[in-house]
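# sharing a model prediction with you, sequence too.
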Amino acid sequence: MIDILFNGVGWTDIALTLNRIAVGAFFMLSGYHKLFNAERHRTVVDELKALGVPAVGFNQWWVPLVEFTAGGGVLIGLLAPLAALGLLVIILVAMATSGRQRIDDWLYLPETLYAFMLIIVVSAGAGPYSLDALILGLIDKRGA
């Protein structure tokens, strides 16, 4: 019992996988709606214009496309650290622009939680239950 109190239950791989799936699914769905839902896409365009983001014509498609594709990569664990890093850049820019206008305290922004979840994926990788692990296993077999 003492061991559990100080070291946890020991399901680190499952916890990291659930974190990766949750944050990947969030970004994939967010990007999907910004790309394929006309009303949501208009909201993105209006927000980019209001924030003074340059190259709105490009960014209105680029940002949701990165959210969708990189979110999918994180979700399935394909090049997950790289995909999470791309999403981390997007979320940090969102926090510095629109986030600051919505809430004065950074800790109350949902983006802060997503940023920490992405930092975990960048740091720990996709984990053993991912396509990255499968690919690395195949590479190791061929190299051996």
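Noted; the coordinates are in hand.

# contacts for the longest helix anywhere in the chain next, please.
Assignment by DSSP state H gives helix 12-36 as the longest helix of the chain. Defining contact as C-beta atoms under 8 Å, 6 or more residues apart in numbering, one finds that helix 12-36 is touched by 40-41, 44, 61, 63-77, 80, 83-84, 87, 114, 117-118, 120-121, 124, 126-130. Yep, even glycine has a C-beta here, placed from its N, CA and C like the rest.

# out of these, which are inside helices?
Per DSSP H, the contacts of helix 12-36 map to helices at 40-41, 44, 61, 63-76, 80, 83-84, 87, 114, 117-118, 120-121, 124.

# please check the residues you listed and keep the buried ones.
Buried residues within the ones in helices among the contacts of helix 12-36, counting neighbours by 16 or more other C-beta atoms under 10 Å: 41, 44, 63-64, 66-76, 80, 83-84, 87, 114, 117-118, 121, 124.

# tell me who's in contact with Ala94.
Glu111 are the contacts of Ala94 under C-beta under 8 Å, 6+ apart.

# how far off centre is whichever strand or helix holds it?
If you go by DSSP states H and E, Ala94 is part of helix 80-94. In terms of C-alpha atoms, centre = their mean, to the nearest Å, the centre of helix 80-94 is set 6 Å apart from its chain centre.
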